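# Fold the following, please.
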Amino acid sequence: MKHHTISADDLNLANILRERIDECAKYKRNVKISKELSEGCLDNNRILSKEELKQIDDALFSRALGLFLDAKESLIIPDDGLHQFASEILSDFEDFDIELAYQDFYAYQYVDKLDDVVRRALKVREIFTQNRPPAKVITICREAYTCFLQGFHTASVTLIRAIIESVLKDKLNEDIGGLGKLNHEAYEKKGLYSKQVYHKINKIRREGNIYIHGARLGKTPSEAVNFELLNISQEILKEILL
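Numbering: from 1, shown residues only. The predicted structure follows:
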């Protein structure tokens, strides 16, 4: 009796979900038309079968949708012939079909990121403190963490900076400016934490400035930088919230 050895790939949820999407999807990525069928499209003497016509429709639809949604992520869709053509193809489909195709497109994206999301989640340390951050900051704490998991490192670093700034304002019960002034006030005048924490906050301020103001130059933090700042922010919150 033969025994099937179960591999890690067999148990990988991302692979299982990806196969299921492939089976059910309205939008099928990487659809390819055979060379023979491509040539048949140009042959006026050839009558294409219903199945061949469906293959062509599926390929056109999927490529048009992929092109359109990829461009949409840049906020502004280029006004060129290719994108206009993609838009015209999509306009021929019912809203319900488009909605299902959107689900498929983004489902593929989420599944493709799943392994990296889990890997990043396992890296983040569990740090416990006696008090939670102020309720109004909890939302951006979650967003900073989620952005790290998803690989949106510029957004995560920006939010980490905002978290520390917000917590200091709450602790000082005053708004005296940016993170640099808040850090100076909390450490030099109020003695709310150690010099080590002062330097950690200053590091978050400097790194945040680099990527916030350097965005126009294409500067983005690496996963390692984001991970380091996330851990530092946890250490800062633990001491501030004692």
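# Find the residue ranges of this protein scoring beneath the pLDDT cut-off.
Along the chain, segments meeting pLDDT under 70 span 1-10, 40-45, 128-130, 242.
# Count residues in the vicinity of K195, would you?
8 (other Cβ atoms under 10 Å). (Each C-beta comes from the backbone N, C-alpha and C, glycine too.)
# Now the phi/psi pair for it, please.
phi -60, psi -30 (degrees, to the nearest 10).
# if I pick it, what's in contact with it?
Applying Cβ atoms under 8 Å, 6 or more residues apart in numbering, we find K195 in contact with Y187.
# distance of it from A64?
Here K195 is placed at a distance of 59 Å from A64 (Cβ to Cβ, to the nearest Å).
# Also R18?
Remark: distance between R18 and A64 (Cβ to Cβ) = 22 Å.
# out of the two, which sits in the busier spot?
With neighbours defined as other Cβ under 10 Å, R18 and A64 compare such that A64 has more, 23 against 16.
# Test my guess that that one contacts I89.
Yes. Contact criterion Cβ atoms under 8 Å: A64 and I89 qualify, at 4.1 Å.
# Could you chop this protein up by domain?
8-115, 130-240 (automatic domain parsing).
# Which stretch among the ones you listed is buried most, on average?
domain 130-240 (a mean of 16; mean count of other Cβ atoms under 10 Å).
# From the chain's centroid, how far away is that domain?
Offset of domain 130-240 from its chain centre (Cα atoms, centre = their mean, to the nearest Å): 20 Å.
# Also stretch 67-86?
20 Å.
# Show the residue spans covered by the helices in the chain.
Shown for the chain, the helices assigned by DSSP state H span residues 8-11, 13-24, 35-41, 50-72, 81-91, 95-123, 135-150, 153-172, 179-184, 195-213, 223-240.
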